[in-house]
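**Student:** Sequence and predicted structure below; questions after.
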Number of protein chains: 2
Amino acid sequence: MSASAAKVSRKENSNHDAGDETSEKEQQEAIEHIDEVQNEIDRLNEQASEEILKVEQKYNKLRQPFFQKRSELIAKIPNFWVTTFVNHPQVSALLGEEDEEALHYLSKVEVTEFEDIKSGYRIDFSFDENPYFENKVLSKEFNVNEGGDPVSKSTEIKWKTGKDLTKRSSQTPNKAGKKRQHEEPESFFTWFTDHSDAGADELGEVIKDDIWPNPLQYYLVGAGGAAGTGGAARQFDDGEDD
Amino acid sequence: MSASAAKVSRKENSNHDAGDETSEKEQQEAIEHIDEVQNEIDRLNEQASEEILKVEQKYNKLRQPFFQKRSELIAKIPNFWVTTFVNHPQVSALLGEEDEEALHYLSKVEVTEFEDIKSGYRIDFSFDENPYFENKVLSKEFNVNEGGDPVSKSTEIKWKTGKDLTKRSSQTPNKAGKKRQHEEPESFFTWFTDHSDAGADELGEVIKDDIWPNPLQYYLVGAGGAAGTGGAARQFDDGEDD
């Protein structure tokens, strides 16, 4: 519709005419000049993007030692990551009962944004020796291919016999008798084989943009009621919004 | 669900226990240290945001003379803006027949991002003397209020008698006999009275983020087939992707 509408619109010029003052030739020259000016604007936009990228890269480097230190401290807290994931509303919805069991062996999570941030990021999950799979590290990486399209790839999970959580149609209920209100989801671990939406991977982006910037806030959600860490947790719950 | 799930998850610590090595007290100290480290990370994030804002402000200033020059050139082309809007798929869908008539008097569009870009922007539409309303300029401005919530406000349109386009249930068909495939939309001008979604104003964002950065590309859409400007238009159509 746009082409014909444009045509009509142009013709209507004759109805209401500022164009009387401007000759056809002058209009064409104006269009050419607009195009030149537009090129200058585009050039400035590119420069701005590059400068912003440099700022982001600089701060990525400055944040690095703090992320490092944070990882060391998190390692001292048993089940930090599984608790964080269970407390995160979107991630929690992806967790089956056995996923949660398996994630108790998750000892470390790391998000790495690549030097050229626009080009992608990788999430590494380090696991302790566990009954589910052989891998020590499961990674998923998001990138753009040569054609500029988003792509993702992952570690192949080496499941132990009979332990492939992605091949259970319905997971067995947790022994503790806890009941979920929602239907059992597919396994969290299907995420490692799903590359269908690399440009907008929901879990990848939640981990990178929401959890990784501040996992403690999710670890501490509702912790005021939990036995044991109650005191410290409440204290930090209050301080969170600073 | 997160609160109770967190509780369960904490209790489960006793099943698989890296926690044997770490006393309750050490864990609490670790949480306190994570909180401190997190504060450092938050501080770096704020610094990064501020630096990026400065880059954006710098380039906003650098772009200004080119936008100015572009506006002067656009003023030489009759019906530049109405053609641009009609050619833009999303904006076009908002235009009734009489809206389009009225927009033939639109002589200038300007987008101003405020110094603190995060705080908002304003779009000014300048009109020639016209049969519809008295105003020379119609503006809509997007901002955040003291509570941090997005708000918008607009010029009140002083419609001439019987010309209020927002009060016509169905607009009369265009004399030129052109037929629209879709239902007649509400008037484009209702946008100036609609402040229901200031945080994500669709038309405002399309104009600011899609049209304003490069209106020429929409002006020239389909122009290859239009009488009169054919030659120059085609030429620029080809050059657009540079």
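**Tutor:** Good, I have the coordinates.
**Student:** Flag the shaky bits of chain A, pLDDT-wise.
**Tutor:** A:1-22, A:116-118, A:169-185, A:222-242 (pLDDT under 70).
**Student:** ok, which stretches of it are strands?
**Tutor:** A:106-113, A:120-127, A:137-144, A:150-154 (DSSP state E).
**Student:** Please report how far A:W159 lies from chain B.
**Tutor:** Applying Cβ to the nearest Cβ, to the nearest Å, the value for A:W159 to chain B is 19 Å. Where C-beta positions appear, they are placed from N, C-alpha and C, glycine not excepted.
**Student:** wait, isn't that residue in contact with A:F133?
**Tutor:** Yes - A:W159 is within contact range of A:F133, at 5.1 Å (criterion: Cβ atoms under 8 Å).
**Student:** Identify whichever of the strands of chain A lies nearest to chain B.
**Tutor:** strand A:106-113 (7.3 Å; Cβ to the nearest Cβ).
**Student:** Can that closest one be said to contact chain B?
**Tutor:** Yes - judged by Cβ under 8 Å from any Cβ of the partner chain, strand A:106-113 comes into contact with chain B through A:S107.
**Student:** What pairs with that strand, parallel or antiparallel?
**Tutor:** Paired strands of strand A:106-113, with direction, are strand A:120-127 (antiparallel) (DSSP bridges).
**Student:** and the strand it pairs with, how far out from the chain's middle?
**Tutor:** Once both centres are worked out by Cα atoms, centre = their mean, to the nearest Å, strand A:120-127 turns out to sit 11 Å from its chain's centre.
**Student:** can you check stretch A:43-50 too?
**Tutor:** Relative to the chain's own centre, stretch A:43-50 is displaced by 25 Å; criterion: Cα atoms, centre = their mean.
**Student:** can you check stretch A:44-51 too?
**Tutor:** Computed by Cα atoms, centre = their mean, the separation of stretch A:44-51 from the middle of its chain amounts to 24 Å.
**Student:** Can you name the residues in contact with that stretch?
**Tutor:** Contact partners of stretch A:44-51, identified using Cβ atoms under 8 Å, 6 or more residues apart in numbering or on different chains, comprise B:V55, B:E56, B:K58, B:Y59, B:L62, B:R63, B:F66, B:P213.
**Student:** do you know how far the residue nearest in space to the middle of chain A is from A:K108?
**Tutor:** The centre of chain A sits closest to A:E205, judged by Cα atoms, centre = their mean, with a distance of 1.0 Å. According to Cβ to Cβ, to the nearest Å, A:E205 and A:K108 sit 20 Å apart.
**Student:** Then A:S71?
**Tutor:** Separation of A:S71 from A:K108 (Cβ to Cβ): 6 Å.
**Student:** got it, and A:I157?
**Tutor:** 17 Å.
**Student:** same deal with A:N39?
**Tutor:** 48 Å.
**Student:** what's the answer for A:Y59, then?
**Tutor:** Taken as Cβ to Cβ, the span from A:Y59 to A:K108 is 23 Å.
**Student:** do A:V55 as well
**Tutor:** 28 Å.
**Student:** A:W81 contacts A:I74, doesn't it?
**Tutor:** Yes - A:W81 lies in contact with A:I74 (Cβ under 8 Å); the separation is 7.5 Å.
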